[in-house]
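fold the following.
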Amino acid sequence: MFKFRTIFTLALLLLFVAVPTLAMADGAESATPTKVTTINYLALGDSLAFGITPEGQPGNGYPDFLAASLQSLNLLQSSNKGFSYPGYATADILKDLKENVSKPILGIGHQNQQAELHHSIAEANLITISIGSNDVLPNIKIDPASGTPTFNLADITAAIQNVGVNYSQILQGIYTINPTVQIYVMGYYNSFPYLAAEYQPQLGQLLDGLNGAIQAGMKGTTAIYVPTMDIISKDYPTYLPNSSNIHLSEAGYKAVAEAFGKQLLADNSGSSEGDVPTPQFSDIDQHWAKPFIEQAVEAGIVFGYSDGTFKPEKVLTRAEATSLLVRAFGLKTDQASPFKDIQQFNSNTQAEIAAAYQFGIVKENDGFFKPNEPIKRAHLALMVKRSYELAKGELYSAAALAPYSDIASLDTETQTAISMLHEFEIISGTDGKFMPNDPTTRAQAAKIFVNYSSLMK
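Residues are numbered from 1 along each chain as shown. You can find the predicted model right below:
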């Protein structure tokens, strides 16, 4: 049961609190921070960062999907994968660092078309790196007719050792330019799962050696290792569909992006030890929700806008609430939703709304979802109840109807949802009313989260 409670708390955190901001390392260095920065994301690496498809064509890599996820949470200010290039090895990134190369920007949020590497590093507060496989791959030859691999073990051993040395220099160079940047380093997966079983133990040893060298090169730094081997091995046919190509499918790149995102969330959600200064928001001093906002911050949840405000009266839209809740639960579906009015959204948002429909968190309403409308308090209560039931694996039954004078005309399920929030003392209403048709503000959402979080401790 603890696992389900943790997942549901995370869902509420993402839904109610983490939409606009994420604590970054540079904010933690300040003695009295007054604002939380948005993310300037720089991706360095090889063809996996660039986004080569299983067919060998340029496409979207894991940085594209990570950037899209951050953008959907209103966290992203800019992204650039222009310094990632197919075929790059660790020596290539080192060379680019030493020469401070300029390259075309491949990303969003930039006014210029070109960028210098040193300037890009200095401006970034998030960097991901995937480099090292091309140091080793030239030493693995596979006969196309028989599928038999041959290994030059001496050259592979030397290449793996060199990866560790170069990683140390790469990270040192980056931290010299930007000492506070958060760096996440990707571990590699088995690129040859379709080779005969007799070769897999040796391939596994080589993969462990490569990933070990990467981690050895990270020692003494604050860079964080993000493993992908186990993730990709869960579904090789989906993630590595072309047996003659080492590149991931779109689903595979999304899985890697999700791994980075989970690590990023874990590192910035207040789970680390030590005293972290509490942001002070300029627009909550006289607000009724100030205690709840402060409790959420004291619990380790850093939230707000880059201008130092919380915007307590800002409302959530139906699409925002649905997408964030679905993303938090990791719900996925390959079926389309019946809604006619979500085609203007990107494919990820449409898929998230479809998943919410398939798992019963939202219902069909004459084919319309009304994604840009503010989410009403009653409908949010319904979504919370349905998500709670999904996590618990059983239906909730109210002990008594909530004593609000304005919910009698609502349908039974909505009354039950409101009664659940009331029974758990998550909400209290105002002057004996729940105001079910009012939009949900960030202040109200903060109160719901704090009260629910306290209940589940």
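
wait, Ala356 sits on Ala321?
No: using C-beta atoms under 8 Å as the test, Ala356 is too far from Ala321 to be in contact (9.4 Å). Where C-beta positions appear, they are placed from N, C-alpha and C, glycine not excepted.

what residue lies at the spatial centre of the chain?
Computing the C-alpha centroid of the chain and ranking residues by C-alpha atoms, centre = their mean puts Gly261 first, at 2.8 Å.

could I get the phi/psi values of that residue?
phi -60, psi -40 (degrees, to the nearest 10).

and stretch 437-448, end to end?
Stretch 437-448 has an end-to-end distance of 17 Å (C-alpha to C-alpha, to the nearest Å).

returning to that earlier point: need the contact list for the residue nearest to the centre of the chain.
Gly261 sits next to 66, 69-70 when contact means C-beta atoms under 8 Å, 6 or more residues apart in numbering.

tabulate those residues in TSV, adding columns for secondary structure, pLDDT and distance to Gly209.
Listed next are the contacts of Gly261 as TSV, based on DSSP: H, G, I helix; E, B strand; the rest coil; pLDDT from 0 to 100; distance: C-beta to C-beta, whole Å:
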residue	secondary structure	pLDDT	distance to Gly209
Leu66	helix	94	27
Ser69	helix	87	32
Leu70	helix	87	33
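
ok, so of those residues, who is nearest Asn365?
Nearest to Asn365 among the contacts of Gly261 is Ser69, at 27.1 Å by C-beta to C-beta.

so how far is Val256 from the closest one?
12 Å (C-beta to C-beta, to the nearest Å).

for the two, indicate the residue with more neighbours.
Of the pair Ser69 and Val256, Val256 is the one with more neighbours under other C-beta atoms under 10 Å, namely 27 against 20.

tell me the secondary structure for the more buried one?
helix (DSSP: H, G, I helix; E, B strand; the rest coil).

ok, Phe83 next?
Following three-state DSSP, Phe83 is assigned to strand.

thought Glu116 was touching it, still the case?
No: look at Phe83 against Glu116 with C-beta under 8 Å: they stay out of range, at 9.9 Å.

compare those two (neighbour count), which wins?
The neighbour comparison of Phe83 against Glu116 (other C-beta under 10 Å) goes to Phe83, with 28 against 14.

next, the nearest residue to Gly209 once chain neighbours are set aside: phi, psi?
Spatial nearest neighbour of Gly209, excluding adjacent residues (C-beta to C-beta, 6 or more residues apart in numbering): Ile160 at 4.8 Å. With angles defined as degrees, to the nearest 10, Ile160 sits at phi -60, psi -40.

so Ser133 sits right up against Leu207, yeah?
No: the pair Ser133 / Leu207 is not scored as a contact, 9.5 Å apart, by C-beta under 8 Å.

returning to what we had before: on the pLDDT front, check the residue nearest to the centre of the chain for me.
Reading off the confidence values, Gly261 has pLDDT 89.

any idea how far Leu42 is from it?
For Gly261, the distance to Leu42 (C-beta to C-beta) stands at 16 Å.

what's the closest non-adjacent residue to Lys332?
Ala355 (5.7 Å).

SS state for the one you found?
Following three-state DSSP, the label given to Ala355 is helix.

what's the nearest residue to His379 if we skip its chain neighbours?
Nearest non-adjacent residue to His379, counting by C-beta to C-beta, 6+ apart: Arg318, 7.3 Å away.

appreciated, that's everything.
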